[in-house]
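Chemist: structure of the sequence below:
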Amino acid sequence: FMKHHMRRGNPERRRLKRRILQAVYSDPELKASVEKSLGESIGTTPPIGPFLKTGPKDSPRGCVIVRIAIMSLLLITIMSNPLVAFPILSVLFVISIFRICHVREPGT
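Modeler: Numbering: from 1, shown residues only. Modelled structure (predicted):
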């Protein structure tokens, strides 16, 4: 539990980092100053995921409810009939591997 909690970090600090990145990328003069200071281009979009760009308040809560429902059904299936759960879990594992290994194109 402590590792997971420590890894998540301080939400205020994450919010500050996100706001700094948004400020740099939204102001062309500030962005040019940062690029000059670094001596290299920082790109056209902030290096944060789409969830962080919109913030947690804009994320769909329906996805969380669906995930909880699916996990609950899987746990019930594992306990009641493991032979049925094994192929389902195998397919989900393969899908997760493809999602993790999916190579994103630059700029997305």
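Chemist: quick one, helices of the chain?
Modeler: 2-8, 11-26, 28-38, 50-54, 61-80, 82-101 (DSSP state H).
Chemist: any idea which of these gets closest to residue 44?
Modeler: In terms of Cβ to Cβ, the element of the helices of the chain nearest to residue 44 is helix 11-26, at 7.8 Å. The way it works is simple: take the backbone N, C-alpha and C, and place the C-beta from them, glycine included.
Chemist: returning to that earlier point: can I get the helices of the chain in a markdown table with mean pLDDT and distance to residue 44?
Modeler: Listed next are the helices of the chain as a markdown table, based on pLDDT from 0 to 100; distance: least, Cβ to Cβ, whole Å:
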| stretch | mean pLDDT | distance to residue 44 |
| --- | --- | --- |
| helix 2-8 | 47 | 29 |
| helix 11-26 | 84 | 8 |
| helix 28-38 | 91 | 9 |
| helix 50-54 | 51 | 13 |
| helix 61-80 | 82 | 28 |
| helix 82-101 | 83 | 25 |
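Chemist: turn those into JSON lines, columns for mean neighbour count.
Modeler: Shown next, in JSON lines, are the helices of the chain (neighbours: other Cβ atoms under 10 Å):
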{"stretch": "helix 2-8", "mean neighbour count": "7"}
{"stretch": "helix 11-26", "mean neighbour count": "12"}
{"stretch": "helix 28-38", "mean neighbour count": "11"}
{"stretch": "helix 50-54", "mean neighbour count": "12"}
{"stretch": "helix 61-80", "mean neighbour count": "11"}
{"stretch": "helix 82-101", "mean neighbour count": "10"}
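Chemist: what sits against residue 42?
Modeler: Residue 42 makes contacts with 24, 25, 31, 34, 35, as judged by Cβ atoms under 8 Å, 6 or more residues apart in numbering.
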